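Student: This is a predicted model, with the sequence first.
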Amino acid sequence: MKFPRGNRIFSGINSGNYCLNYKEYGLEELWVIINLMRRMLKSIWFKHGFFQEEAKLSVNEIGTGNMNYVFQVCDIDSGKKLILKQAVPYARSVGESFPMSLDRMKIEGGALELQNKFAAGTVPQLYHSDEEMALIVMEDLSDFEVLRNGMIGMNKYRGVDDDISSFMANLAFYTSNLHLDSEKKRHLAKEFANENLIKITEDVIFTDPFYKCERNRINPELLTYVEEKFWIDKNMQLEAAKLRYKFMTEAQSLVHGDLHTGSIFVKNGTAKIFDSEFSFYGPSAFDIGLLSAHFILNYISWSGKDVETKKILDYREYLLETLVSIYDKFFEKFSRLWNREGVNVGSDIVGYKNYYMDKLFTDALGYAGIVTARRILGLTHVEDIDGIENLKKRAKVQEQGLEITKMLLKYRHKFKDIDEVAGTIKAVVR
C-alpha cells in the first residue's frame, strides 16, 4: 500500500456528495480517507446498496486505538451509518518505527465471519472485507457504550454476562476439535496464523512484565516493590513460563486474543464484542482469563479513589457477581454444547469432559494473573488504575494487583471454583 505525499492527495475528488472532516489530518491521513471513499463507492454504495447512489455522506475519523484508522460514514439525510476500519503498515500511535503486518485486517474480517456464524448477535455485523485495501466495513454501534468507560463510572450492566459468556463458549466449542474434524481445524488454524500480533502478545503480556524490560512503564513509587518482591519470586516466574509455553503451543480454538472491557460494547443488557484483529488459534482459556483480569483491575482500582466506602463495597460486589456469572454461564453453555454436539477427540469418554473443563478453569486463572501484571507493569495500562493521579495511592493499588497475580499463578490449581476465587480476592483487597 502506498501513501503518496504532496498535492496529489487532492486528485480524483470530483463528487460533491460527501464531505470529509479533515481539519486535524496530515496529508497521509487524507490520502487514506480518499482511497477509502473510492473503494467504498464501488463496494458499498453500488454493489451492496447500503446507501442510495445520490446519498450525501459525512465521514469522520473516530478511532481512539493504537493501531488502525476507524471511520464513521453517515448518510446526512437518513442518519444511516456504518463503520470502516483500515490498517496501516505500522502502529498508528507509534509511527513507522513500529512496523506491523497489514494481514491483521484480513484476520479481523475472517474472525468476524466465524463469530457471526457461531455467536450471532454478540459481534458487529460484517458488511464487506477488502484484503487489498486492508479494510473491513461493519455495523455501526455508536449508540452503545464501551464497557470499560462505564465501569470506571461505576455503572452496572445487568444481563451482559449472557452475551459475553455465549460468545466465548460458542467460539471455544465450535472452532475446536470437539466439533470440527481435524482437517478443517488445521485449515482454520493456518488461516488464522496471526504471527505478527501473536509475537506482540508473547512479548508484551507473557515476557516483558516479568523482568526489567525497556518497554515497561512502571510507576516509580512501585519500583522497589517490583524489584524486591515481584521479579524475585521464582515460583511465580516458573508458573508464568509454563503458561507462556501453553500460549505458544496450544491451538485449541479460535480466540479473540484481546478480549478486555475496552473491547465490549454494552446497551440495555446486551453486549457486542469487537476489535478481533488479534484473533488466532490458541488456548481456549485465554479469552476468559484476559477478560477476568480487567474485572480484577477495576475491582482493585477503587482502593485508590476518593469514593464513599459504601458505594465502593456495593460496586465491588456487583463486579464479583458479574465475573462469577460469566464463568458459571461459560462452563454451563460449553458443557451443554459438548453433550449435545461433541463428536471428536474422546468427547464421549467418561471423565474426559471434566478433565478438559478443569484445565480450562485453572488455565484461565493463570492467564488472568499474567494479564493483571501486564496492565500494571507493561507497555499499555488501563485507565481504571492510571486515572489515579496520586502515584503513592496508585502504587498501593498496583501492589494489590501484583499480589493477586502471584496468588493466581502459584495457587490456581487449588481453587475448586470461581466462587472461591472471588472470595479470596475479596479477602485480599481492602
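Tutor: Looks like it arrived, so ask away. Numbers count the residues shown, from 1 in each chain.
Student: what helix or strand does residue 313 sit in?
Tutor: Assessed by DSSP states H and E, residue 313 sits inside helix 309-341.
Student: and that helix, average pLDDT?
Tutor: Average pLDDT, helix 309-341: 97.
Student: From the contact counts, what lies against that helix?
Tutor: Contact partners of helix 309-341 among helices and strands, from 3 or more C-beta pairs under 8 Å, 6 or more residues apart in numbering; DSSP states H and E: helix 160-174, helix 285-301, helix 352-377, helix 418-428. Where you see a C-beta, it was placed from the backbone N, CA and C, and this is true even at glycine.
Student: Could you identify the helix or strand that succeeds the first one?
Tutor: What that stands for is helix 160-174. Per DSSP H and E, the first helix or strand lying C-terminal to helix 160-174 is helix 182-191.
Student: Flag every buried residue along that following helix.
Tutor: By 16 or more other C-beta atoms under 10 Å, the buried positions in helix 182-191 come out as 185, 188-189.
Student: Just the residues contacting that helix, thanks.
Tutor: 110, 114, 175-177, 180, 251, 254, 281, 344 (C-beta atoms under 8 Å, 6 or more residues apart in numbering).
Student: same check, this time on stretch 230-243
Tutor: With C-beta under 8 Å, 6+ apart, stretch 230-243 has contacts from 206, 210-212, 363, 366-367, 370, 373, 402, 405-406, 409-410, 412.
Student: buried set for that stretch?
Tutor: 230-231, 233, 236, 239-240, 243.
Student: quick one: contacts for residue 266?
Tutor: Neighbours of residue 266 in contact, by C-beta under 8 Å, 6+ apart: 144-147, 150, 157, 160, 272.
Student: Most widely separated two among these?
Tutor: 150 and 272 (13.6 Å; C-beta to C-beta).
Student: which one of these two has more residues nearby?
Tutor: Counting neighbours by other C-beta atoms under 10 Å for residue 150 and for residue 272 shows that residue 272 has the greater number, 22 against 16.
Student: For the helix or strand where that one lies, C-alpha coordinates in CSV please.
Tutor: Assigned by DSSP H and E, residue 272 belongs to strand 270-273. C-alpha atoms of strand 270-273 as CSV (Å, rounded to 0.1, in the frame of the first residue of the first chain):
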residue,chain,number,x,y,z
THR,A,270,-26.8,-6.7,25.6
ALA,A,271,-23.1,-6.9,24.7
LYS,A,272,-21.2,-6.8,21.4
ILE,A,273,-17.6,-7.9,21.3
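Student: Now the buried members of the contacts of helix 182-191.
Tutor: Buried among the contacts of helix 182-191 (16+ other C-beta under 10 Å): 110, 114, 175-177, 180, 251, 254, 281.
Student: Adding pLDDT and distance to residue 290 as columns, could you present those residues in CSV?
Tutor: Below are the buried ones among the contacts of helix 182-191 laid out as CSV (pLDDT from 0 to 100; distance: C-beta to C-beta, whole Å):
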residue, pLDDT, distance to residue 290
110, 97, 20
114, 98, 19
175, 98, 17
176, 96, 18
177, 93, 22
180, 94, 23
251, 97, 17
254, 98, 14
281, 98, 16
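Student: closest to residue 292 among those?
Tutor: Relative to residue 292, the closest of the buried ones among the contacts of helix 182-191 is residue 254; by C-beta to C-beta it sits at 19.2 Å.
Student: now that closest one, nearest residue through space, not along the chain?
Tutor: Nearest residue to residue 254 in three dimensions, chain neighbours excluded: residue 175, at 4.0 Å (C-beta to C-beta, 6 or more residues apart in numbering).
Student: got it, and residue 91?
Tutor: In space, residue 91 comes closest to residue 98 once its chain neighbours are excluded; the distance is 4.1 Å by C-beta to C-beta, 6+ apart.
Student: next one: residue 318
Tutor: Using C-beta to C-beta, 6+ apart, the closest residue to residue 318 is residue 156 (5.2 Å).
Student: for that neighbour, helix, strand, or coil?
Tutor: coil (DSSP: H, G, I helix; E, B strand; the rest coil).
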